[in-house]
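Chemist: quick one: sequence plus predicted model below, questions after.
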Amino acid sequence: MYTIGIDLGGTNIVASVVDDEYKIIGTSKTPTNSPRSAHEIFDDIAEVCEEAVKAANLTMADIDSVGMGTPGTVNQDGIIEFANNLAFNNVPARTMLAKRLNKPEEKIYIENDANCAALAEVWKGVACHENDCCFIVSGTGIGGAVIKDRHVHHGNALHGGEFGYMIMRYDQDEKKYYTWSDDGSTVAVTKRVAKELDVDYHTLDGKEVFDQADNNEVYKKYVDEYYRTLAMGIYNLQYAYDPSMIIIGGAISSRSDLLDKVNEQLDIIFSQLTHAHVRPNIKVCQFGNDANLIGATYHYIQRH
């Protein structure tokens, strides 16, 4: 049995063929070039699927099922109700994909991308022995997923795991609330550094800001604030849901010092909040950029 896993991202569309041993054997990708119409983007999705199948030396007839991870809110009928960075509203993704790939709709599964990444870690990654965990995606914003009994908890309004909406700060002077995505994204770090240095933030390399934080006081100020906010969010999730593991994914997960930096901030939190005795079990995701593809495959397997 072969499955196609699709990662529909704001930057790229990636499709991979996964074999019976759940190994990726063929991949293709193309720029998303959003915003565009859903029909144009789904035409490109079908094309990269065909190219991935050819790269695996197969034909589309060999493909049993298709799973796709996408940004935004996805309902159980395979409709993308809302995806801000794709400018999508009420897109019947399952139907559109089934038609283009000439597959029955019951062989097409659509899920939120962060949920897919979490499922990959639960299936074959760092959380393979866990039943209840949280998955944080930290990049240009904050996303996430809640896993209960090894399945995604979608929530009443399909917003389970939308940790980026959590309020993390209120500015008394501005009379304004700030969410985790506002305060705790890597882009927020770059923008704050740029503001203090009075430069255009587009001229700054976010990776360099983190890499050189120990050598630059302004960089360090806001990088430390990033890790403080991340640690606060992790602490809050631990005491709101009490998971056995909290996994960090997204661009930041590639940093070798990530866990050390977060744990330094948690040490400070627990030294002050002495009534708290349950320390979060934090891990970095195993699958990196392949997590969405692998998780989209597992989503189909879970259903069967």
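Modeler: Happy to help now that I have it.
Chemist: in the stretch 51-200 of the chain, which spans are helices?
Modeler: All helices of the stretch 51-200 of the chain, identified by DSSP state H, counting those that start in this stretch, fall at 93-101, 113-124, 180-184, 186-197.
Chemist: what would the ones you listed look like in TSV with mean pLDDT and distance to residue 55?
Modeler: Glycine gets a C-beta too; all of them are placed from N, C-alpha and C. Listed next are the helices of the stretch 51-200 of the chain as TSV, based on pLDDT from 0 to 100; distance: least, Cβ to Cβ, whole Å:
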stretch	mean pLDDT	distance to residue 55
helix 93-101	96	16
helix 113-124	91	21
helix 180-184	91	36
helix 186-197	93	32
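Chemist: quick one, which of the ones you listed is packed in tightest?
Modeler: helix 113-124 (a mean of 27; mean count of other Cβ atoms under 10 Å).
Chemist: hmm, who's touching that one?
Modeler: Contacting residues not belonging to helix 113-124 are listed as 7-9, 22, 67, 69-71, 111, 127-128, 130, 133, 135, 137, 143-145, 147, 150, 152, 154, 161, 247, 249, 285-287, 290-296, 298-299, 301-302 [Cβ atoms under 8 Å, 6 or more residues apart in numbering].
Chemist: just the buried ones among those residues, please.
Modeler: Buried subset of the contacts of helix 113-124 (neighbour count, 16 or more other Cβ atoms under 10 Å): 7-9, 67, 69-71, 111, 127, 130, 133, 135, 137, 143-145, 147, 150, 152, 154, 161, 247, 249, 285-287, 290-296, 298-299, 301.
Chemist: so which of the residues you listed sit within strands?
Modeler: 7-8, 67, 69-70, 111, 133, 135, 137, 143-145, 147, 152, 247, 249 (DSSP state E).
Chemist: and the residue sitting furthest away from the middle of the chain, how far from residue 225?
Modeler: Relative to the mean C-alpha coordinate of the chain, counting by Cα atoms, centre = their mean, the farthest residue is residue 173 (33.0 Å). Distance of residue 173 to residue 225, given as Cβ to Cβ, to the nearest Å: 17 Å.
Chemist: same check, this time on residue 126
Modeler: 27 Å.
Chemist: quick one: residues contacting residue 148.
Modeler: Per Cβ under 8 Å, 6+ apart, neighbours of residue 148: 131-132.
Chemist: and with 7 Å instead?
Modeler: residue 132 (Cβ atoms under 7 Å, 6 or more residues apart in numbering).
Chemist: same thing with residue 176?
Modeler: By Cβ under 7 Å, 6+ apart, the contact list for residue 176 is empty.
Chemist: can you rerun that using 8 Å?
Modeler: Taking Cβ under 8 Å, 6+ apart as the test, what residue 176 contacts is residue 170.
Chemist: how far away is it from residue 285?
Modeler: Residue 176 is 32 Å from residue 285, by Cβ to Cβ.
Chemist: sketch out the low-pLDDT regions of the stretch 151-300 of the chain for me.
Modeler: Within the stretch 151-300 of the chain, the set of residues satisfying pLDDT under 70 comprises 299-300.
Chemist: and residue 58, backbone torsions?
Modeler: phi -130, psi 180 (degrees, to the nearest 10).
Chemist: quick one: it and residue 66, what's the gap?
Modeler: Distance of residue 58 to residue 66, given as Cβ to Cβ: 13 Å.
Chemist: between the two, which has more neighbouring residues?
Modeler: residue 66 (25 against 17; other Cβ atoms under 10 Å).
Chemist: any idea what that one is bridged to?
Modeler: Counting by DSSP bridges, residue 66 is bridged to residue 4, residue 108.
Chemist: sounds good, over and out.
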